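> Pasting the sequence and the predicted coordinates here, then a few questions.
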Amino acid sequence: MTSAGPPIEKVVKFIPHLKALGIRHVEHGKGYAVLELPYADHIIGFPQTGVVAGGAIFTLMDNTCGMAVWTAIEGFVPTATLDLRIDYLKPATPGLSVFGRAECFKVTRKIAFVRGVAYHDSPEAPIAHTMGTFMLAGG
Amino acid sequence: MLFEPLFAPILAGETREMSLDAVPYFVTMGFIAQAQGGQLTVKMPFKQDLIGAPVPPRLHGGTLGALLETAGTLEAMLGLIRAGRTDAPLPKPIGLTVDFVREGRSHDTYAAATVTKLGKRIANVTAQAWQQDRDTLVASAVLHLLVGE
């Protein structure tokens, strides 16, 4: 466990929608964050197969990206998502946790650029790919 | 097709609300389908569970993306039914780009979608989300769905 920058593991516990979906902190470091969406019945989007809803993965990635921005700027500047794109590369496997890993690869005074992947075992075998821009307040 | 009972009232031009409880995630999110004048709107009633930033309370951006994706997917299904393609597989989202326009406040949120093109394999869809005023968007999205083999 690395813990550079803001105490993201504490913040995650205070976000009601993350609690509702069961999303938890895994690790973070300078410029990146990893969160986990454990498999559960209440996040199933495809009842015939038990596959997790795309919306839950979108939420996982949005939040992971936002937290990657905090680790990059090493502080809790309020951020607002400008846009977020997600590509669903393959269905998630029922029964397995989905991990989200995001990396903030560029920060300007007002904008942060982030990319990330959702995966089960390895970021090299992604379920989804995401790309987003975030606005920094007070920039 | 999943949700078949949902679409009959829309196609008949009825005005009513319908649960989406065939999908556990939709129950978690509180999504409700509304039929009116042949149109489909998905409602996300405000609740604490949807909050992403506690002070002041703001909806989690992910809830808006999920709502837009749901409205877009259901609209694609409606398009397939209107086109007589009831044997088509469930539309599967390929990708989604969400444009966040303003903060989601502690109000009910609505989303509606338009199928720009319903192809043999791909549906191009746009979706909009708003709260108190239909013309004041909180977010919009472009999405692509697989609608055939």
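Ah, there it is.

> Which residue of chain B lies farthest from its centroid?
Seen from the C-alpha centroid of chain B, the residue lying at the greatest distance (CA atoms, centre = their mean) is B:Val55, 27.2 Å away.

> next one: phi and psi at it?
Main-chain dihedrals, B:Val55, degrees, to the nearest 10: phi -130, psi 110.

> how near is it to A:Glu74?
22 Å (CB to CB, to the nearest Å). To be clear about C-beta, it is placed using only N, CA and C from the backbone, and glycine gets the same treatment.

> and the residue nearest in space to the middle of chain A, which of the three is it?
Taking CA atoms, centre = their mean as the criterion, A:Thr64 is the residue nearest the geometric centre of chain A, at 2.3 Å. Recorded secondary structure, A:Thr64: helix (DSSP: H, G, I helix; E, B strand; the rest coil).

> ok, it to chain B distance?
Distance of A:Thr64 to chain B, computed by CB to the nearest CB, to the nearest Å: 10 Å.

> these two touch, right, that residue and A:Val98?
No - taking contacts as CB atoms under 8 Å, A:Thr64 lies outside contact range of A:Val98: 10.6 Å.

> and the longest helix along chain B, average pLDDT?
As assigned by DSSP state H, the longest helix anywhere in chain B is helix B:61-82. Averaged over helix B:61-82, pLDDT sits at 96.

> Mind checking if it is in reach of chain A?
Yes - legend: contact between helix B:61-82 and chain A by CB under 8 Å from any CB of the partner chain is shown at B:61-63, B:65-67, B:69-70.

> Would you format these as TSV with distance to A:Ala125 included?
Putting the residues of helix B:61-82 next to chain A into TSV (distance: CB to CB, whole Å) gives the following:
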residue	distance to A:Ala125
B:Gly61	26
B:Gly62	23
B:Thr63	28
B:Gly65	23
B:Ala66	24
B:Leu67	29
B:Glu69	23
B:Thr70	27
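
> Name the member of those residues that has the highest neighbour count.
Most neighbours among those, by other CB atoms under 10 Å in any protein chain shown: B:Ala66, with 33 neighbours.

> Now name the helix or strand holding A:Lys10.
Assigned by DSSP states H and E, A:Lys10 belongs to helix A:8-12.

> Name the residues of the very next helix or strand once past that helix that come out as buried.
Downstream of helix A:8-12, the first helix or strand assigned by DSSP H and E is helix A:16-21. Under the neighbour-count criterion of 16 or more other CB atoms under 10 Å in any protein chain shown, helix A:16-21 has A:16-18, A:20-21 buried.

> Considering only those, which also neighbour chain B?
Counting by CB under 8 Å from any CB, the members of the buried residues of helix A:16-21 near chain B are A:16-18, A:20-21.

> Residue most distant from the centroid, chain A?
Most peripheral residue of chain A (CA atoms, centre = their mean): A:Gln48, 26.3 Å.

> Tell me how far that residue lies from chain B.
In terms of CB to the nearest CB, A:Gln48 sits 8 Å off from chain B.

> Run the chain-centre distance for the longest helix of chain B.
The chain centroid and the centroid of helix B:61-82 are separated by 3 Å under CA atoms, centre = their mean, to the nearest Å.

> neighbouring contacts of whichever helix or strand comes after it?
Counting by DSSP H and E, the next helix or strand C-terminal to helix B:61-82 is strand B:92-100. For strand B:92-100, the external contacting residues (CB atoms under 8 Å, 6 or more residues apart in numbering or on different chains) are A:54, A:58, A:80-88, B:61, B:64-65, B:68-69, B:72-73, B:122, B:138-146.

> what's the angle from the strand or helix carrying A:Met131 to strand B:92-100?
Secondary structure assigned from DSSP H and E places A:Met131 in strand A:126-136. Angle between the axes of strand A:126-136 and strand B:92-100 is 10 degrees (criterion: axes from the mean of the first three to the mean of the last three CA atoms, to 10 degrees).

> For the closest residue to B:Glu14 other than its chain neighbours, name its beta-bridge partners.
The spatially closest residue to B:Glu14, leaving aside those adjacent along the chain, is B:Ala35, at 5.5 Å (CB to CB, 6 or more residues apart in numbering or on different chains). In this entry, B:Ala35 is beta-bridged to B:Arg16, B:Leu40, by DSSP bridges.
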